[in-house]
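> for reference, the sequence and a predicted model appear below.
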Amino acid sequence: MKNPVKKILCTVMALLIVGTSGVVFTGCGSDNSKDSSASKEKTTTKTTTEKTTTAKQYAEMVWPSGGIADKLPIPKSTVGDIISDSEDYLDVTVGNTSLSDFQQYVNDCKAYGFTVDYDNLGDTFYAKNRSGYDLSVYYDEKDKSMDIILEEPDEEETTVAKKPKATKPKTTKKTTSQKSNSSSGVNADFKATMDSYEEFFNDYVDFMKKYKNSTDIASMASDYADYMTKYSDMMQKLNDIKSEDLSTADLAYYNEVNARITKKLAEVAN
């Protein structure tokens, strides 16, 4: 299994750099302000152009067979990255995928029986089948890719699934956060770290939105420094996590949180 901590650091660092590429804190005035402004404008234009034309490139892959992957439809695209393929867990990133391709794949998954307790959020899909297999599909607009994660049901869930279905009171639909909090088997310390990590980047995005609308950038310099200090502390916590200690449930929760953070950071990456 690839190191999930290394993957999350790379993903967030890339988006963090994009999100802050336009942040320039200035001090005293300069006689060369016009030249400086023109230079910044050219740099910003170049960065924007590069950003809109860059998408991650994936190699050709062969969809896994003979295992848990057989419970899913084969995606349209034949390029991507098989992150994990075992008898009880599958994680595949599929490249060259448009939003309409993602939506069609979601419909195909429903046709394969993934219609139990499902949530379709437009670019994120959660569902189970009647055997209890847990499916998560995330779409990444920036990379034109989707991440497909399928988990084998816990023994307890399998036992419950075999019992006759009992009538139960209708409940309100779970939010993404509620689904995460109800995830069984996630290590409490790992979950707390991931939750604090997500909370930090939610605050960061709010700060960046405030910055973009500010007419007094210099006054936000100290706030920006505070965020960088918090960022270093958060990265240290993630570095302290040993990948070999992560269970299947921990890895699934990592992917869930990372998908939400990636989507959040995209709000200030443009």
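Structure's in. What do you need? Numbering: from 1, shown residues only.
> could you use CA atoms for every contact and neighbour count after this?
Will do.
> skipping adjacent residues, who's closest to Tyr197 in space?
Excluding its sequence neighbours, the residue lying closest to Tyr197 (CA to CA, 6 or more residues apart in numbering) is Met234, at 6.5 Å.
> distance of that neighbour relative to Ile241?
Note on Met234: its distance to Ile241, by CA to CA, to the nearest Å, is 11 Å.
> need the contact list for Ser77.
Contact analysis of Ser77 by CA atoms under 8 Å, 6 or more residues apart in numbering lists Val94, Gly95, Asn96, Thr97.
> mind putting these into a markdown table with neighbour count?
Shown next, in a markdown table, are the contacts of Ser77 (neighbours: other CA atoms under 10 Å):
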| residue | neighbour count |
| --- | --- |
| Val94 | 27 |
| Gly95 | 25 |
| Asn96 | 18 |
| Thr97 | 21 |
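> any weak-confidence spans in this protein?
1-55, 155-184, 242-244, 269-270 (pLDDT under 70).
> longest helix in it, please.
helix 188-212 (DSSP state H).
> in it, what counts as buried?
Within helix 188-212, the residues that count as buried by 16 or more other CA atoms under 10 Å are 190-191, 194-195, 197-198, 200-201, 204-205, 207-208, 211.
> quick check: buried residues in the helix or strand following that helix?
Downstream of helix 188-212, the next assigned helix or strand under DSSP states H and E is helix 221-239. Buried residues in helix 221-239, counted by 16+ other CA under 10 Å: Tyr224, Tyr227, Tyr231, Met234, Leu238.
> now render those residues as a markdown table, adding distance to Tyr112.
A markdown table is the format used below for the buried residues of helix 221-239 (distance: CA to CA, whole Å):
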| residue | distance to Tyr112 |
| --- | --- |
| Tyr224 | 48 |
| Tyr227 | 45 |
| Tyr231 | 42 |
| Met234 | 40 |
| Leu238 | 36 |
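> would you mind writing the CA trace of whichever strand or helix holds Leu90 as CSV?
For Leu90, the enclosing helix or strand under DSSP H and E is strand 89-94. Presented in CSV, the C-alpha positions along strand 89-94 are these (Å, rounded to 0.1, in the frame of the first residue of the first chain):
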residue,chain,number,x,y,z
TYR,A,89,-10.3,-3.3,-0.6
LEU,A,90,-10.0,-1.5,-3.9
ASP,A,91,-8.7,2.1,-4.6
VAL,A,92,-8.4,3.1,-8.2
THR,A,93,-7.9,6.6,-9.7
VAL,A,94,-9.2,6.8,-13.3
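> one step back: who does the longest helix of the chain touch, helix- and strand-wise?
Applying 3 or more CA pairs under 8 Å, 6 or more residues apart in numbering; DSSP states H and E, we find helix 188-212 packed against helix 221-239, helix 248-265.
> and Arg130, its phi and psi?
phi -70, psi -20 (degrees, to the nearest 10).
> from Tyr253, how far off is Val116?
19 Å.
> more neighbours: the two, which one.
Counted by other CA atoms under 10 Å, Val116 and Tyr253 do not tie: Tyr253 has more neighbours, with 22 against 16.
> surely that one meets Asn187?
No - using CA atoms under 8 Å, Tyr253 makes no contact with Asn187, being 9.8 Å away.
> distance to Thr248 added to the buried residues of helix 188-212, as JSON lines?
Listed next are the buried residues of helix 188-212 as JSON lines, based on distance: CA to CA, whole Å:
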{"residue": "Phe190", "distance to Thr248": "12"}
{"residue": "Lys191", "distance to Thr248": "13"}
{"residue": "Met194", "distance to Thr248": "15"}
{"residue": "Asp195", "distance to Thr248": "18"}
{"residue": "Tyr197", "distance to Thr248": "20"}
{"residue": "Glu198", "distance to Thr248": "20"}
{"residue": "Phe200", "distance to Thr248": "25"}
{"residue": "Phe201", "distance to Thr248": "24"}
{"residue": "Tyr204", "distance to Thr248": "29"}
{"residue": "Val205", "distance to Thr248": "29"}
{"residue": "Phe207", "distance to Thr248": "34"}
{"residue": "Met208", "distance to Thr248": "34"}
{"residue": "Tyr211", "distance to Thr248": "39"}
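> what's the closest of these to Lys142?
Closest approach to Lys142 among the buried residues of helix 188-212 (CA to CA): Val205, at 17.1 Å.
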